[in-house]
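S.K.: dropping a prediction and its sequence here:
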Amino acid sequence: MRKRMKARTGQVTLVLGLLLIPGVATRTASSQEQVPASLSLEEAWRIALRNNPGMQAVRNDVAVADWNLNSAYGALLPSASLSSSLSWQGAGEQRFGSITADQLGFQDQPSFLFSSYNAGVNFSLSGRTLMAPGQAKRNREATRAQVRTTEATLRLNVTKAYLEGLRQIEGLTLAEQELARAEVNLRLAQARQEVGSGNVIDVHQAEVNVGRAQITLLQSRTGVQNARIRLLQQLGVNLQAEPTLETSFGVTEPTWAADDLYELAIAGNPDLQASRAQEESARYGVRMARSSYFPSISLSAGLSGFTRQASTTAGQEAQAVAAGVARVQQCLALNDLVSRLPDPPPTQNCSLLATPESALEAIRSQNDAFPFNFTGQPPSVGFQISIPVFQGLGRQRDLESARAQLNDNRYRIVEQELALRADIDSRTAIVSTAYQSALIEERNQALADEQLRLAQERYRLGLSNFIDLVEAETVKARADRERILSIFTYHDAIADLEAVVGTPLRNP
């Protein structure tokens, strides 16, 4: 038996401008996605997945996981560094330990400018480094599975908010119908009073019923407004949008077998998938912890250079000139000594030993080095291998901790599978009960319709009193609301079952 219930968009929509709640803080529409005038449930899902702030925040974790994987691969490549420095040292006497420059013969030290560079390449490899990309991949899969879990939760929340919006719209329609019937009853009471077959008590009672129906209508309009706001909040869009909900839901007999649903849940439940991804990550974590027993190697190479420039070379030039004078004096003394020999050899030209101007120019040229005329230092290359022998049982502790985490994940998966079996059996029964209840409420609604029609006709003909009419009206109103409640209870139960199974079970 198939029944269809459609939202009465021709009579009641979510466009209730007169009830807009002032002071609702929203972002500007220009910064948010526009909601279509006619909003289906599927479109609501798509909008929520694109705009819900909580969903966007969870998706950011995937970008972090991607970069963690890139970083793990980057650790397999050599690292390179390049550094440079500039410094200045003022003029004055320096101290080298307990000896001063003056004691070493270096007087009147000038100020100096220094610059240097250092370039190095390093490469390290260990078992943990080799396995880090695999671990990062599994962590990324676990993160993606968590995103899918959040998407499923958001989908459930949007579905329930959408159903609540339709339920409030139907409730508003019933409130309008109840007000119309109350006004009809008031006119009947007034007509009977005018012809003398009624009394003023019936008229006043009818007026009270009209007032109560008006209050119910106001409350229903507020319910519609609140449902619209809550739905738009789930979508993550402008709360002042006014869409019309166009998706209709039919009440059909559920034919799903619990065993078939359980197989679907084992393959599609997002929470179970997330736990399996975490188990895989924990299994790889055990392998990484075991890799701490493996040796590690490292290679390094480096180049460096420096410059040193004095503010003045006067001291160096004076030392060079003094050294030349000393050589000339020594030469003259040697010539004088040689000339005293019986057969003296030719004397040396001592003037050639004086410090030439070119030597002084060379001193000035060599001093002109700052900042880029570097003096290179010898390159260096190194290789190191490290074999761990004993590290205070820390590695075994980490390995046992990783194994315990793996076992915890396995037990958690078994627990979730048992919970899925129980949830599916329970929720399947709830859906079946909700369906049977909807059928009974449909029959009750039809009987209440007939009872109210007969009560109105009997009251119009003067065969019953106004109290009988009010009681029939009350039974009708309750039957209508219980019918609406049973329909949406049925669809809420299906939404909960879909959340457990992890896949849609109906075509709205």
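M.R.: Structure received.
S.K.: ok, then the element right after the host helix or strand of Val338?
M.R.: Secondary structure from DSSP states H and E places Val338 in helix 314-339. Later in the chain than helix 314-339, the nearest helix or strand by DSSP H and E is helix 357-367.
S.K.: if you count neighbours, what's buried in that following helix?
M.R.: 360, 363, 367 (16 or more other Cβ atoms under 10 Å). Where C-beta positions appear, they are placed from N, C-alpha and C, glycine not excepted.
S.K.: also stretch 47-66?
M.R.: 47-49, 51-52, 55, 58, 65.
S.K.: list the buried ones in the helix holding Val338?
M.R.: Within helix 314-339, judged by 16+ other Cβ under 10 Å, the buried ones are 316-317, 320, 324, 328, 331, 335.
S.K.: picking that back up, can you redo the buried residues of helix 357-367 as a markdown table with distance to Asn465 and pLDDT?
M.R.: Below are the buried residues of helix 357-367 laid out as a markdown table (distance: Cβ to Cβ, whole Å; pLDDT from 0 to 100):
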| residue | distance to Asn465 | pLDDT |
| --- | --- | --- |
| Leu360 | 134 | 82 |
| Ile363 | 130 | 80 |
| Asn367 | 124 | 82 |
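S.K.: tell me the one of those nearest Phe306?
M.R.: Checking the buried residues of helix 357-367 against Phe306 by Cβ to Cβ gives Asn367 as the nearest, at 14.0 Å.
S.K.: distance of the closest one relative to Gly90?
M.R.: Look at Asn367 and Gly90: by Cβ to Cβ, to the nearest Å, they are 17 Å apart.
S.K.: in the stretch 351-500 of the chain, which spans are helices?
M.R.: 357-367, 394-461, 466-501 (DSSP state H, counting those that start in this stretch).
S.K.: wait, which of the ones you listed is closest to Ala75?
M.R.: helix 394-461 (18.9 Å).
S.K.: mean confidence for the helix holding Val338?
M.R.: For helix 314-339, the mean pLDDT works out to 83.
S.K.: got it, and stretch 435-449?
M.R.: According to the model, stretch 435-449 has a mean pLDDT of 94.
S.K.: name the residues that touch that stretch?
M.R.: Contact partners of stretch 435-449, identified using Cβ atoms under 8 Å, 6 or more residues apart in numbering, comprise 1, 3, 251, 253-254, 472, 475-476, 478-480, 482-483, 485-487, 489-490.
S.K.: just give me how far it sits from the chain centre.
M.R.: Here stretch 435-449 shows a centroid-to-chain-centroid distance of 47 Å under the convention Cα atoms, centre = their mean, to the nearest Å.
S.K.: list the buried residues for it?
M.R.: 435, 437-438, 441-442, 444-445, 448.
S.K.: summarise which helices and strands the one helix or strand Thr222 maps to is packed against.
M.R.: Secondary structure from DSSP H and E places Thr222 in helix 200-235. Here helix 200-235 touches helix 41-51, helix 127-195, helix 466-501, going by 3 or more Cβ pairs under 8 Å, 6 or more residues apart in numbering; DSSP states H and E.
S.K.: pairing partners for the helix or strand just after that helix, with directions?
M.R.: The helix or strand immediately downstream of helix 200-235 is strand 244-245, counting by DSSP H and E. Paired with strand 244-245 in the same sheet, following DSSP bridges, are strand 38-39 (parallel).
S.K.: so where is the protein shaky, pLDDT-wise?
M.R.: Scanning the chain for pLDDT under 70 picks out 1-32, 92-108, 507-508.
S.K.: what about stretch 288-306, how long is it end to end?
M.R.: End-to-end distance of stretch 288-306 (Cα to Cα, to the nearest Å): 43 Å.
S.K.: what residues of that stretch count as buried?
M.R.: So, applying 16+ other Cβ under 10 Å, buried residues of stretch 288-306: 288-292, 296, 300-302, 304-305.
S.K.: list just the nearest of the residues you listed to Asn70.
M.R.: Met288 (18.1 Å).
S.K.: and what about Leu86, helix, strand or coil?
M.R.: Following DSSP: H, G, I helix; E, B strand; the rest coil, Leu86 is assigned to strand.
S.K.: state the distance from it to Thr150.
M.R.: 53 Å.
S.K.: thinking again about what came up before, could I get the buried residues of helix 314-339 in a markdown table, plus columns for distance to Pro379?
M.R.: Converted to a markdown table, those look like this (distance: Cβ to Cβ, whole Å):
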| residue | distance to Pro379 |
| --- | --- |
| Gln316 | 29 |
| Glu317 | 34 |
| Ala320 | 32 |
| Gly324 | 37 |
| Val328 | 43 |
| Cys331 | 43 |
| Asn335 | 49 |
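S.K.: now the strands: where do they sit in the stretch 1-150 of the chain?
M.R.: 3-5, 38-39, 79-89, 95-96, 99-100, 112-125 (DSSP state E, counting those that start in this stretch).
S.K.: pick the most deeply packed of these.
M.R.: Among the strands of the stretch 1-150 of the chain, strand 38-39 has the highest mean neighbour count (mean count of other Cβ atoms under 10 Å), at a mean of 18.
S.K.: how about Leu497: what's its closest non-neighbour residue?
M.R.: Nearest residue to Leu497, sequence neighbours excluded (Cβ to Cβ, 6 or more residues apart in numbering): Arg427, at 4.4 Å.
S.K.: ok, the one you found - contacts?
M.R.: 493, 496-497, 500.
S.K.: then Glu357?
M.R.: Contacts for Glu357 were tallied using Cβ under 8 Å, 6+ apart; there are none.
S.K.: tell me the secondary structure for the residue lying closest to Gln377 once chain neighbours are set aside?
M.R.: Spatially, and ignoring its direct neighbours in sequence, Gln377 is nearest to Ser304 (4.8 Å; Cβ to Cβ, 6+ apart). Here Ser304 is strand, with the state taken from three-state DSSP.
S.K.: relative to Gly376, how far out is Ser304?
M.R.: The gap separating Ser304 from Gly376 is 8 Å, by Cβ to Cβ.
S.K.: how about Leu353: what's its closest non-neighbour residue?
M.R.: Arg327 (4.0 Å).
S.K.: now Arg287: which helix or strand?
M.R.: Going by DSSP H and E, Arg287 is in helix 270-290.
S.K.: contacts for that helix?
M.R.: Outside helix 270-290, the residues that reach it (Cβ under 8 Å, 6+ apart) are 127-128, 131-132, 134-135, 138-139, 141-142, 144-146, 148-149, 151-152, 265-266, 395, 398-399, 401-403, 405-406, 408-410, 412-413, 416-417, 420, 502.
S.K.: now that helix: buried residues?
M.R.: Across helix 270-290, burial judged by 16+ other Cβ under 10 Å covers 270-286, 288-290.
S.K.: same question for stretch 416-434.
M.R.: For stretch 416-434, by 16+ other Cβ under 10 Å, it's 416-417, 420-421, 423-424, 427-428, 430-431, 434.
S.K.: a markdown table for those, including distance to Leu179?
M.R.: Formatted as a markdown table, those follow (distance: Cβ to Cβ, whole Å):
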| residue | distance to Leu179 |
| --- | --- |
| Gln416 | 50 |
| Glu417 | 52 |
| Leu420 | 47 |
| Arg421 | 49 |
| Asp423 | 42 |
| Ile424 | 43 |
| Arg427 | 38 |
| Thr428 | 40 |
| Ile430 | 34 |
| Val431 | 34 |
| Ala434 | 29 |
